[in-house]
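Novice: Provided below are the primary sequence and the corresponding predicted coordinates.
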Amino acid sequence: MADFDLVVVGGGSAGLVGAQTAAGLGARVALVEEARTGGECLYTGCVPSKALIAAARDGAGFEEAMARVRAAVAAIAPHDSPQALESAGVRVLHGRAVLDPHGGVRVDGHPVPSRSVLLATGASPAVPALAGLEPAEVLTSETVWSLDRLPDRLAVVGGGPVGCELAQAFARLGAEVTVVASSPRLLPGEDPHASALVRTALEADGVRVITGNGAMAAARTGAGGSLLTAHGERVPFTRLLAATGKDPRTHGMGLAEAGIRLDDKGHILTDTSLRTASPRVWAAGDATARSHHTHTAGVHAAIAAANAVLGTRRRVSPVAAPRVTFTMPEVAAVGQPTAPGAPRIVTVPHTRVDRAIADADPDGFTRIAVDRRGRIVGGTVVGPRAGETLGELSLAVHARLKAAELAGAVHAYPTHSDGLWAAAIQEQLRPLASPLPRAALRLLLALRRALR
Ligand SMILES: Cc1cc2nc3c(=O)[nH]c(=O)nc-3n(C[C@H](O)[C@H](O)[C@H](O)COP(=O)(O)OP(=O)(O)OC[C@H]3O[C@@H](n4cnc5c(N)ncnc54)[C@H](O)[C@@H]3O)c2cc1C
Ligand SMILES: NC(=O)c1ccc[n+]([C@@H]2O[C@H](COP(=O)([O-])OP(=O)(O)OC[C@H]3O[C@@H](n4cnc5c(N)ncnc54)[C@H](O)[C@@H]3O)[C@@H](O)[C@H]2O)c1
């Protein structure tokens, strides 16, 4: 008989939630971690980056900022510790797991039999091949946290969320920062207007931004070097940070031998219930192409773990998940505003949101996408605390609320979420502008006047 109902491989955002969910359902669960439980989010991702951004915003110096990073990580670490997992009923095993063809996994060679397996092995930062520079000389989101002094000149390769967040934070801490992005604009996955506002904000913080121009090679010069772009520009640096995406950790684990299919980048392929091509193996988090964030890693792992231990087939939501890039201004988005079936886009510039004006921060906007039946199917918010407004927008999209329903809920004044409320009200009032309802209203008012 198998020792466990579920073995979870990986103790990051996905693995922690998956293991706790299965234990909460009464299953016998083990979690195998080869490094530290807490994973990327706690040690090298969300937590340190948000602490650094907050410290840079508050005008801290580099050493104080790094101390705040360490303090935030240390304060949260106990929540994700092996002790916390054990007290939730999860058996924690330290070591490297590979799939066992006989079922379950092998941890450092020792068999750990289990009825099912959840792969939650995450992804590592990709380091681009730059002729003239050893990969070890390139900082990544994994190694940047051990810097002991602020680089004078930081070249950031990549204009996605990591590149934008860290470039702005390091510029605010006093480094001379250049971003080199091969994509035609920063944050290429987001609304183009959002990308433009982030570029303006980074430039206002002193960041030099080069887009549509990949980094090709680097030459060493003394203590630093200089980066050569595809269009022949030279960018001098003392340190270089690669923020060019991630490679899933899926190799050397016997996945192909177990019949598990991978995409061309190595992500584990699953069906919408998160089951792999091998019927007893499930996957969630950055190791799959379905998730790029901590919240989706957790939600997907909970679904996968419940499906694995209960034999259910709950599916992941087809709606594009909420996401926030924590630059200043924040860029927050959910759903697919330009997808078919979302024919109407309603935009409220924050020059019309009193709180944004009062805070002297009116450069953002709130944009919602509404389908033919008046339901809110997505949107983007750019501005201070946009990530907080996104909670309400995500609920509206998830619950398939109509703009009229959101418009009917009174919002406190003056708040940043007034922009979302104003967009919903604008959409609710839109039909009144067309000829037939206008004529009907005119008639009603004329009748009331005549009857007075
Ligand atoms: C700088 C930065 C900032 C970010 N900010 C945010 C943010 O603000 N919000 C957000 O939602 N997301 C953010 N992210 C993304 C977020 O960190 C990831 O999406 C999330 O941590 C992925 O979780 P995971 O469990 O899939 O993988 P990981 O956290 O990478 O966990 C995988 C674990 O598996 C272990 N492992 C791998 N292979 C094996 C094996 N064979 N045996 C045993 N153990 C193994 C690894 O050691 C690791 O601990 C950020 C990322 C970065 C880099
Ligand atoms: N706030 C958040 O939620 C948050 C923050 C940081 C990271 N993350 C997640 O972490 C993951 C990694 O983020 P990322 O920003 O590293 O990856 P990304 O894939 O989002 O962006 C990488 C960027 O690098 C560029 N690039 C690639 N090779 C290049 C080259 N040689 N020269 C110049 N540019 C090059 C690409 O054009 C792209 O714009 C993503 O999944 C992201 O969603 C999330």
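Specialist: Structure's in. What do you need? Numbers count the residues shown, from 1 in each chain. Ligands and ions are numbered 1, 2, ... in the order given.

Novice: can I assume Asp354 is in contact with Asp418?
Specialist: Yes - if you go by CB atoms under 8 Å, Asp354 and Asp418 touch, sitting 6.8 Å apart. Every C-beta, even on glycine, is put in place using the N, C-alpha and C of the backbone.

Novice: in which helix or strand would I find the nearest residue to Leu228 once chain neighbours are set aside?
Specialist: Once flanking residues are discounted, Leu228 sits nearest to Ala217: 4.5 Å by CB to CB, 6 or more residues apart in numbering. If you go by DSSP states H and E, Ala217 is part of strand 215-221.

Novice: Go ahead and produce PDB holding the CA coordinates of that strand.
Specialist: Written as PDB, here are the backbone C-alpha positions of strand 215-221 (Å, rounded to 0.1, in the frame of the first residue of the first chain):
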ATOM      1  CA  ALA A 215      21.100  42.900 -25.500                       C
ATOM      2  CA  MET A 216      23.600  40.900 -27.700                       C
ATOM      3  CA  ALA A 217      27.100  41.000 -26.200                       C
ATOM      4  CA  ALA A 218      29.100  42.600 -23.400                       C
ATOM      5  CA  ALA A 219      32.700  43.800 -23.100                       C
ATOM      6  CA  ARG A 220      34.600  43.800 -19.800                       C
ATOM      7  CA  THR A 221      36.300  47.000 -18.900                       C
END
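
Novice: Please spell out which residues along that strand are buried.
Specialist: Using 16 or more other CB atoms under 10 Å as the test for burial, strand 215-221 gives 215-216, 218.

Novice: So which residues of the stretch 201-350 of the chain form strands?
Specialist: Ranges of strands within the stretch 201-350 of the chain are 208-210, 215-221, 224-229, 234-237, 239-242, 246-248, 281-283, 323-325, 330-335, 344-349, based on DSSP state E, counting those that start in this stretch.

Novice: Asp354 and Asp418: which is more packed in?
Specialist: Asp418 (22 against 13; other CB atoms under 10 Å).

Novice: correct me, but the more buried one touches His411?
Specialist: Yes - taking CB under 8 Å as the definition, Asp418 is a contact partner of His411 at 6.0 Å.

Novice: Walk me through the domains of the protein.
Specialist: Per the record, the chain has its domains at 4-37+81-125+247-310, 135-244, 329-433, by automatic domain parsing.

Novice: Near the residue in the stretch 251-400 of the chain positioned nearest to ligand 1, how many other residues are there?
Specialist: For the stretch 251-400 of the chain and ligand 1, the shortest gap (CB to the nearest ligand atom) falls at Gly285, measuring 2.3 Å. The local packing of Gly285 (other CB under 10 Å) involves 34 other residues.

Novice: now the domains of the chain as TSV including mean pLDDT?
Specialist: What follows is these, written out as TSV (pLDDT from 0 to 100):
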stretch	mean pLDDT
domain 4-37+81-125+247-310	97
domain 135-244	96
domain 329-433	93
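
Novice: closest one to Pro48 among the ones you listed?
Specialist: domain 135-244 (5.3 Å; CB to CB).

Novice: Please see if that closest one touches ligand 1.
Specialist: Yes - interface with ligand 1: domain 135-244 contributes 141, 162 (CB under 6 Å from any ligand atom).

Novice: got it, and stretch 391-403?
Specialist: No - against ligand 1, stretch 391-403 shows no contacts by CB under 6 Å from any ligand atom, the least distance being 12.9 Å.

Novice: Identify the residues contacting that stretch?
Specialist: Residues from elsewhere that reach stretch 391-403, judged by CB atoms under 8 Å, 6 or more residues apart in numbering: 317, 319, 322, 332, 334-335, 346, 368, 370, 373-379, 381, 405-406, 417, 420, 423-424, 427-428.

Novice: Tell me how many other residues surround Pro111.
Specialist: Pro111: 13 surrounding residues under other CB under 10 Å.

Novice: I meant to write Ala67 there.
Specialist: Per other CB under 10 Å, the neighbour tally for Ala67 reads 14.

Novice: Let's verify it: helix, strand, or coil?
Specialist: helix (DSSP: H, G, I helix; E, B strand; the rest coil).

Novice: Just say which of the strands of the stretch 201-350 of the chain is most tucked in.
Specialist: Mean neighbour count (mean count of other CB atoms under 10 Å) peaks for strand 281-283 among those, with a mean of 29.
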